[in-house]
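Asker: can't give you the sequence, but here's the structure:
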DNA sequence: CTGAAAGCGCTAACAT
DNA sequence: ATGTTAGCGCTTTCAG
């Protein structure tokens, strides 16, 4: 593998001249430049990003922490982050948190070992305190879909409560009263918020909250199926259902199909939706969209400002939008 | 950020001693080891993977090229590759090929710039010749789901033709004759193979091939919907359908639901399935499973042998299995 | 068992 | 406009 000194030798110049030409710093005589470029081409030379990192104390790498790779949600994030990063010629390093704090810590450790210039963390299990501690270290990072007091500048947030409220509110507007809810794992902050949004919507309409109309899932399809089953056994007269995730909605729909419960004729449904799965169901499901792509893009933008230490007024807070599809009928 | 020399200073030993202790090379007096470990802890020292790479001429990074991040298929691959790599303390670098040769070239370029020790390539657009050229360079790589003559040792393959044959054969066994097919983009090698499998199955059963019973999609859901529409308009009496991808099956199912065509009572269907989407449909769809996870794991294993220059008899060829679900009824 | 010194491939003052 | 030189943080001979 050719090194910079081979290029310099072949071109008959000094290594630093080559370096400068590569990095476009300063001016050079046209023919030096030509000679160098020719030598690089001839030797098929590519500078070593590693050696560069060491010399410049900047790796050009950005670490992205996600909870899991599978399921499509992550792919969406990754796609956005990568394409933003590509524009700036930075490298993307990813790691999974594996659904626990220790996993997230290890992931960040890896980023640190690689001396990533910055991180984008979709952290679910690290405590606010731990994150604030991390913020004291020199490496900048932004938090994706998380709010931590004291770290406001680094937080890309989404209003989960309002989103759920919107989805349930739509059901109410269409005249539904007996509305069931499949929540996510209620240990998770955002799940709680979504659940709260469900309650808020009911309250705003003066509908009493009834806990037997709610069932906790784990965001997976099977849990959605199971929850639908539970709910239906207790309330075969419910007139609507709200699911806190698209995957769980997928399972619920399976249950309804199987039991010949017509959606939306007999039962209206709405859902949370991240990767437009709700558009692929039958019927297509009216849902609040969780704009993870836009948020991921924003995360990179904000991180870039932190890296350059420039101020920014990029809007870091996202509001939900309801996407009307075919799963709701007025009562 | 503490460096090795800070640790050495604090522990009162030489840098090389620290280095040796970190890497567990040789023997040391118990108390030197203790002192050093204490110093490392105190300084919160973590060796720089970058400096290490430069010194050892080995980056401990592995590059994974995929065509796209979105859709879940990639996540599955990535998950497997990462967890295998984790065991060996290696770093995963990913890049997208962006559905064209130039994109794949750039991705590999990135891997090279980072001096990855090896690559796992899910390459769709680079020619066999180009891949053979690449094989002449010193960096080892493995090809995922691709067969290139001369590179047999590096190819992890799957029998797409047989898989399709199995899925269509099952339909035939159940007494179906008028079987439609939604194929993938026929410019792609594996799509051609799947399509060929469809034809093979028909031929084996003595059923004449009828091109109006086939429709080409692009692996996306919408194209599946469209294809189902096309096919049904021409042959509303078809008795079965085979889809070359789960996504397209999703779209087809939407069409059938919408038009009250009962699956499987009125129409039996089978599909290709990568990430078990077919289990989430209603009805659940009988499908041949494309074992991308196992293949990805194997890819890492094979690459590891290449990196260590050891021989291996790992089985690199995968055979399809049919997973029976609820979308097929005998005629 | 440990230390001294050179070097990995590059960049960045500092000269000229 | 280009060359000289000294690192970046680590590993790895070679000594002892």
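Answerer: Now that the structure is in, tell me what you want to look at. A quick note: this is a predicted structure, and the numbers were derived from the prediction, not measured.

Asker: how about the contacts made by the closest residue to residue A:216 other than its chain neighbours?
Answerer: Nearest non-adjacent residue to residue A:216, counting by C-beta to C-beta, 6 or more residues apart in numbering or on different chains: residue A:183, 5.2 Å away. C-beta coordinates here come from the backbone N, C-alpha and C atoms, glycine included. Residues near residue A:183 by C-beta atoms under 8 Å, 6 or more residues apart in numbering or on different chains: A:191, A:194, A:195, A:198, A:214, A:215, A:216, A:217, A:244.

Asker: among these, which are in helices?
Answerer: Filtering the contacts of residue A:183 for membership in helices, criterion DSSP state H, returns A:191, A:194, A:195, A:198.

Asker: where's the residue nearest to residue A:216 relative to residue A:209, distance?
Answerer: Using C-beta to C-beta, to the nearest Å, one obtains 13 Å as the distance from residue A:183 to residue A:209.

Asker: burial of residue A:89, as a residue count?
Answerer: Other residues lying near residue A:89 total 10 when counted by other C-beta atoms under 10 Å in any protein chain shown.

Asker: check for me that residue A:13 belongs to a helix.
Answerer: No. Residue A:13 sits outside any helix when classified using DSSP: H, G, I helix; E, B strand; the rest coil, being coil.

Asker: phi, psi of it?
Answerer: Note on residue A:13: its backbone torsions stand at phi -130, psi -180 [degrees, to the nearest 10].

Asker: neighbours around it, how many?
Answerer: Neighbours around residue A:13, by other C-beta under 10 Å: 19.

Asker: hmm, back to that, what's the overlap in contacts for residue A:183 and residue A:209?
Answerer: Common neighbours of residue A:183 and residue A:209 (C-beta under 8 Å, 6+ apart) do not exist.

Asker: returning to that earlier point: could I get the ones in helices among the contacts of residue A:183 as TSV with neighbour count and pLDDT?
Answerer: Shown next, in TSV, are the ones in helices among the contacts of residue A:183 (neighbours: other C-beta atoms under 10 Å in any protein chain shown; pLDDT from 0 to 100):
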residue	neighbour count	pLDDT
A:191	21	97
A:194	29	98
A:195	20	98
A:198	26	98
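
Asker: in TSV, list those along with distance to DNA strand C.
Answerer: Formatted as TSV, the ones in helices among the contacts of residue A:183 follow (distance: C-beta to the nearest atom of the strand, whole Å):
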residue	distance to DNA strand C
A:191	46
A:194	47
A:195	51
A:198	54
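
Asker: go back to those and keep what's next to chain B.
Answerer: Checked against chain B using C-beta under 8 Å from any C-beta of the partner chain, these give no members in range.

Asker: the closest residue to residue A:78 other than its chain neighbours: which element?
Answerer: Excluding its sequence neighbours, the residue lying closest to residue A:78 (C-beta to C-beta, 6+ apart) is residue B:69, at 4.7 Å. Element membership for residue B:69 (DSSP states H and E) is empty, with no helix or strand holding it.

Asker: residue B:69 and residue B:99: what is the separation?
Answerer: From residue B:69 to residue B:99 the distance is 12 Å (C-beta to C-beta).

Asker: who's more crowded, the two?
Answerer: residue B:69 (26 against 12).
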